[in-house]
Structure formats: structure tokens, C-alpha cells
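Undergrad: Give me coordinates for this.
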Amino acid sequence: MLKGGFETLNEWLGIATDLLKSLVVIGIVVGILFDDFFGVIEGLGRVMAQFGDAGLAGLLALMILVMWYEKK
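TA: Numbering: from 1, shown residues only. Below you'll find the model as predicted:
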């Protein structure tokens, strides 16, 4: 019973993650075409700047995130 609940939760999180990835891509395309109306490109720039400001720790965190994403 508990295993089934975790599987269901994992499926829902996977669907939500896929939806959010699609929305980010759509936001980037709309931002490029229509002058970043929603601020998606600016937000991504801020996130990347935070990784850069953290130095080696930020680079390591970014590498871990990329490796974790590639596993899926």
C-alpha cells in the first residue's frame, strides 16, 4: 500500500516537472520573440549568476544538478 502511494506520488511529480519544463521553454521562446514579457529570461539569468557568484561550490552544485538530471 505504501509502495503504491510512493509510485503514484512519483508519477504526479514527474508530470508536474514535465509541465514546468515545457512552460519554461515556452516562456523563453515568448521572451525572445516578445521582449521577455514574463521575465523568464531575466529569472534564469539571475539563477545562473547565483551559481557563478558561489565560485567552486556553485560550479560543483551545477555539475551535480546536471548529472542528476541526465540520470532520468
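
Undergrad: Could you list the buried residues of the helix or strand bottoming out on mean pLDDT in the chain?
TA: Taking mean pLDDT, DSSP states H and E as the measure, the chain has helix 56-71 as its least confident helix or strand, at a mean of 83. Neighbour-count burial for helix 56-71, counted by 16 or more other CB atoms under 10 Å, picks out no residue. C-beta: built from backbone N, CA, C; applies to glycine.

Undergrad: which residues touch it?
TA: With CB atoms under 8 Å, 6 or more residues apart in numbering as the test, helix 56-71 has contacts from 50-52, 54.

Undergrad: For those residues, pick the one with the most neighbours.
TA: residue 51 (15 neighbours; other CB atoms under 10 Å).

Undergrad: Please tell me how far that residue sits from residue 29.
TA: Here the criterion is CB to CB, to the nearest Å. By it, residue 51 lies 23 Å from residue 29.

Undergrad: How about residue 46?
TA: Taken as CB to CB, the span from residue 46 to residue 29 is 19 Å.

Undergrad: Low-confidence regions, this protein specifically.
TA: Scanning the chain with the threshold set as pLDDT under 70 gives 72.

Undergrad: Could you pull out the helices in it for me?
TA: 2-33, 40-53, 56-71 (DSSP state H).

Undergrad: Pull out the buried positions in the first one.
TA: What it means is helix 2-33. By neighbour count on 16+ other CB under 10 Å, the buried set for helix 2-33 is 27, 31.

Undergrad: what's that helix packed up against?
TA: With contacts taken as 3 or more CB pairs under 8 Å, 6 or more residues apart in numbering; DSSP states H and E, helix 2-33 sits against helix 40-53.

Undergrad: Could you list the residues in contact with the helix it packs on?
TA: Residues from elsewhere that reach helix 40-53 (CB under 8 Å, 6+ apart): 24, 27-28, 30-32, 36, 58-59, 61-62.

Undergrad: What angle do helix 40-53 and the least confident helix or strand of the chain make with each other?
TA: Per axes from the mean of the first three to the mean of the last three CA atoms, to 10 degrees, the angle that helix 56-71 makes with helix 40-53 is 120 degrees.

Undergrad: List the buried residues of stretch 31-47.
TA: For stretch 31-47, a neighbour-count test (16+ other CB under 10 Å) marks 31, 36, 40 as buried.

Undergrad: That concludes my questions; thank you for your assistance.
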